[in-house]
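[1] Sharing a model prediction with you, sequence too.
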Amino acid sequence: MRELAQTMAWGRSADAEANLTALVHRQSRFVFRVAWAVLRNVQDAEDVVQETFLRIHRNAPEMDDERAFLATTAWRLAVDRRKSRRPDAEMPDLADTGRNPETAAVDTDWNTRIARMIDGLPEDLRQPLVLSGIEEMTSPEIARVMGIPEGTVRTRILRARQILKERLAHA
């Protein structure tokens, strides 16, 4: 990410460079997770992160709500990318937590089963659930990002949770 921030800052004033670099460092992980929620592919999500910050660099938009602006931009780029490619369900590489191997194996198996269940949800249910549960976005933020009413977001999250609960009961 440091290279991206340095590349984007080329030719900008010192203040703009510092602001952009700080934005990249502060929000790149969040933008990645939004993109990954749509694409389910690490490489494609990383490409969307770069494109999101490059667009900000090129256009220098005014951001009233930084997080919502970044989520909306990343979401739209990811949806466009998904239309052109079929993603494979790849989990992002997470940092080592230092747990013992047995606990890590059990947790990995459980997390893989849950991830598969979530991936098996219809797109219209999976995406708001991931943004809500994993990204910790609020219903109004998700509604703004997805361009749907807030009530629809809540209904979809509720339906997704009900389906997962039923699947877990039968697992």
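    Sure, I can see it.

[2] per the record, what domains does the chain have?
    The chain breaks down by automatic domain parsing into domains covering 2-84, 101-169.

[3] Do a quick rundown of the helices in this structure.
    Secondary structure of the chain (DSSP state H): helices at 2-9, 14-39, 42-59, 66-84, 101-119, 123-133, 139-146, 150-169.

[4] so can I have CSV of the domains of the chain showing mean neighbour count and mean pLDDT?
    C-betas here are computed from N, CA, C, even on glycine. Shown next, in CSV, are these (neighbours: other Cβ atoms under 10 Å; pLDDT from 0 to 100):
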stretch, mean neighbour count, mean pLDDT
domain 2-84, 17, 81
domain 101-169, 15, 84
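
[5] Give me the distance between stretch 32-39 and the centre of its chain.
    Relative to its chain's centre, stretch 32-39 lies at 3 Å (Cα atoms, centre = their mean, to the nearest Å).

[6] For that stretch, list the C-alpha coordinates in PDB.
    Extracted in PDB, the C-alpha atoms of stretch 32-39 (Å, rounded to 0.1, in the frame of the first residue of the first chain):
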ATOM      1  CA  PHE A  32     -10.500  -4.200   0.600                       C
ATOM      2  CA  ARG A  33     -13.100  -5.800   2.800                       C
ATOM      3  CA  VAL A  34     -15.900  -4.100   1.000                       C
ATOM      4  CA  ALA A  35     -14.500  -5.200  -2.400                       C
ATOM      5  CA  TRP A  36     -13.900  -8.700  -1.100                       C
ATOM      6  CA  ALA A  37     -17.500  -8.900   0.100                       C
ATOM      7  CA  VAL A  38     -18.600  -8.600  -3.500                       C
ATOM      8  CA  LEU A  39     -15.900 -10.400  -5.300                       C
END
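
[7] need the contact list for the residue lying closest to Leu164 once chain neighbours are set aside.
    Leaving aside its chain neighbours, Leu164 sits nearest to Met117 (5.7 Å; criterion: Cβ to Cβ, 6 or more residues apart in numbering). Residues in contact with Met117 (Cβ atoms under 8 Å, 6 or more residues apart in numbering) are Leu164, Arg167, Leu168, Ala171.

[8] Cool, thanks, signing off.
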